[in-house]
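Enquirer: Pasted the sequence and its predicted model underneath.
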Amino acid sequence: MVIIKARAVVLAVTAALVFTTGAQANTQLPASPTVAVGSGGWVGTWGAAPAGPVSNTPNGYPNYSIRNVVHASVGGSSARVRLSNLFGTAPLVMGHASVAVGAATGTADAVPGTVRELTFGGSPSVTIPAGAEVQSDAVALAVPDDTDLLVTTFTPLPSGPVTYHPAASQTSFYTQNGDHSLDATGAAYDQRTSVWHYVTEVDVRGSGANGSVVTLGDSITDGVGSTTGANHRWPDYLADRMKVLPKPLRHGVVNSGISANRLLLGGPGGAGRNALARFNDDVLTKTGVRTLIVLEGINDIQQDPHQTDPDQIIGAYKQIIARSHAAGIRVLGGTITPFKGWRVYDETLEATRLAVNEFIRNGGLFDGVVDFDAAIRDPQDPLIMKAEYDSGDHLHPGDAGYRAMAEAVRLARL
């Protein structure tokens, strides 16, 4: 099995949430078409945007069982799962799939009695066409808040390139020895992977949560620089903060960050389609989405070819805002975080970042501003990240930086 590990690539996205008023705030949002407060409807509790095909997998993973470890934000009484063949070139036969509550961190074991076989239109197997995804039927499962889930897939036949999310910051498990999708123990899962395969979303029903928040971004939203397996990405910390709220004021959190992703250009390999190209799949079709937080643009600026015209980046934001509002979704703009000291930093690129941040803060089009830049920059030198927040590369925060970003979000504004 080819396992592609996360690469520390570029991104930028979110932190101090400041809601504007008057001319700076768009208050004329259409009514949300999503779940009502306390309705017990479906909300997204976890997500990962498919980023590309695993390289060197022309035959897929025949006879593999893959146990993806994912982390629910809100719990519920029922669950369902989405599986993707977006980057496949041939039909993908999913022979079996299951969902379970994980027994402990760092293991493929399920809590006894929680393994649920997934069905698709009543069938335990499904064929996913190239470029498509499927959603499972609902299963009764008591999903606790803030817990690991195990989403297991068994693919019996060759299928073509495998759709995956590279920078998982999480260890999952697999075996090449047949169908172990319904195993409660992890004994058969003798190999490990640092990426997520096939699975793109888990929804829950009965949470009482008021819909979902989607975080659209790059490696900063993806959690590059955070501790593997600890769920210390800033969207995870945001979900943790909401645990103290009454259920009708909580939201599920769906992470649609992709490392190295850009607003305007698609990236190589696992960098994903550009944000405008993937917007429908990674934002609009997510379950129960009410609010979108956007933190993208640093890769447009610092990756080659460099985008040094801020109006081009601003134009992409305007499209995201318009398309979100048309779907009844509130949009919060995240200011681009400091990157002085990163390997390609120069004054021209910095000037572009500052111009884009000026628009996000004062352009009056976003429904609110998450000033991530202000949350983690050094007061003594606002062009750099505070040392205690820096993962060490001067672009990606570490755990403390991601916590600071999440703590800057005003929960009442979600």
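Expert: That came through, no problem. Remember, it's a predicted structure, so these values are computed and weren't measured experimentally. Numbers count the residues shown, from 1 in each chain.

Enquirer: can you give me the helices in the stretch 151-300 of the chain?
Expert: 219-222, 234-242, 279, 298-302 (DSSP state H, counting those that start in this stretch).

Enquirer: mind putting those helices in JSON lines, mean neighbour count and distance to residue 401 included?
Expert: From N, CA and C alone the C-beta is placed, and that goes for glycine too. As requested, the helices of the stretch 151-300 of the chain are exported to JSON lines (neighbours: other Cβ atoms under 10 Å; distance: least, Cβ to Cβ, whole Å):
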{"stretch": "helix 219-222", "mean neighbour count": "31", "distance to residue 401": "9"}
{"stretch": "helix 234-242", "mean neighbour count": "25", "distance to residue 401": "8"}
{"stretch": "helix 279", "mean neighbour count": "20", "distance to residue 401": "27"}
{"stretch": "helix 298-302", "mean neighbour count": "28", "distance to residue 401": "14"}
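
Enquirer: So which of these is nearest residue 199?
Expert: Ranking those by their distance to residue 199 (criterion: Cβ to Cβ) puts helix 219-222 first, at 15.6 Å.

Enquirer: tell me the mean pLDDT over that closest one?
Expert: In this model, helix 219-222 has a mean pLDDT of 98.

Enquirer: now it, how far from the centre of its chain.
Expert: Centroid displacement of helix 219-222 relative to its chain, using Cα atoms, centre = their mean, to the nearest Å, is 8 Å.

Enquirer: Could you list every helix and strand that it packs against?
Expert: Judged by 3 or more Cβ pairs under 8 Å, 6 or more residues apart in numbering; DSSP states H and E, helix 219-222 is in contact with helix 234-242, strand 252-257.

Enquirer: can you list these in CSV and add distance to residue 62 and mean pLDDT?
Expert: Compiled in CSV, these are given as follows (distance: least, Cβ to Cβ, whole Å; pLDDT from 0 to 100):
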stretch, distance to residue 62, mean pLDDT
helix 234-242, 34, 98
strand 252-257, 30, 98
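
Enquirer: Turn the ones you listed into CSV, including distance to residue 198.
Expert: What follows is these, written out as CSV (distance: least, Cβ to Cβ, whole Å):
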stretch, distance to residue 198
helix 234-242, 21
strand 252-257, 17
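
Enquirer: So which of these is nearest residue 376?
Expert: Across those, closest to residue 376 is helix 234-242 (Cβ to Cβ), at 9.9 Å.

Enquirer: packing partners for that closest one?
Expert: Here helix 234-242 touches strand 212-217, helix 219-222, strand 252-257, helix 399-407, going by 3+ Cβ pairs under 8 Å, 6+ apart.

Enquirer: Quick check: which of the ones you listed is nearest to residue 110?
Expert: When the helices and strands packed on helix 234-242 are compared by Cβ to Cβ, strand 252-257 sits nearest residue 110, at 21.8 Å.

Enquirer: mind checking how far the closest one is from the chain centre?
Expert: Worked out by Cα atoms, centre = their mean, strand 252-257 lies 4 Å from the chain centre.

Enquirer: hmm, back to that, would you turn the helices of the stretch 151-300 of the chain into TSV with distance to residue 183?
Expert: Formatted as TSV, the helices of the stretch 151-300 of the chain follow (distance: least, Cβ to Cβ, whole Å):
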stretch	distance to residue 183
helix 219-222	30
helix 234-242	27
helix 279	38
helix 298-302	40
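
Enquirer: so what's the residue most central in space within the chain bridging to?
Expert: Closest to where the C-alpha atoms of the chain average out (Cα atoms, centre = their mean) is residue 255, at 2.1 Å. For residue 255, the beta-bridge partners are residue 215 (DSSP bridges).

Enquirer: Quickly note the distance from residue 181 to residue 411.
Expert: Distance of residue 181 to residue 411, given as Cβ to Cβ, to the nearest Å: 38 Å.

Enquirer: ditto for residue 133
Expert: As judged by Cβ to Cβ, residue 133 and residue 411 stand 31 Å apart.

Enquirer: quick one: the helix or strand that residue 66 is a member of to chain centroid distance?
Expert: Element membership for residue 66 (DSSP states H and E) is strand 64-72. From the chain centre to the centre of strand 64-72 is a distance of 15 Å (Cα atoms, centre = their mean).

Enquirer: Strand 252-257 and that one, what's the angle between them?
Expert: Per axes from the mean of the first three to the mean of the last three Cα atoms, to 10 degrees, the angle that strand 64-72 makes with strand 252-257 is 120 degrees.

Enquirer: Give me the more crowded residue out of residue 181 and residue 411.
Expert: Per other Cβ atoms under 10 Å, whichever of residue 181 and residue 411 has more neighbours is residue 181, with 25 against 16.

Enquirer: Mark out where each domain of this structure begins and ends.
Expert: Split into domains by automatic domain parsing, the chain comes to 16-39+208-413, 53-201.

Enquirer: I'd like the distance between the closest residue to residue 132 other than its chain neighbours and residue 133.
Expert: Nearest residue to residue 132 in three dimensions, chain neighbours excluded: residue 85, at 5.8 Å (Cβ to Cβ, 6 or more residues apart in numbering). Look at residue 85 and residue 133: by Cβ to Cβ, they are 7 Å apart.

Enquirer: Those two: who's more crowded?
Expert: Set residue 85 next to residue 133 and count neighbours by other Cβ under 10 Å: residue 85 wins out with 28 against 18.

Enquirer: And that one, what's its pLDDT?
Expert: Residue 85 is given a pLDDT of 98.

Enquirer: tell me the contacts of residue 263?
Expert: Shown in contact with residue 263 (Cβ atoms under 8 Å, 6 or more residues apart in numbering): 274-276, 296-297, 300, 313, 316-317.

Enquirer: about what we covered before: indicate which one of the helices of the stretch 151-300 of the chain is closest to residue 208.
Expert: Going by Cβ to Cβ, the one of the helices of the stretch 151-300 of the chain nearest residue 208 is helix 234-242, 12.1 Å.
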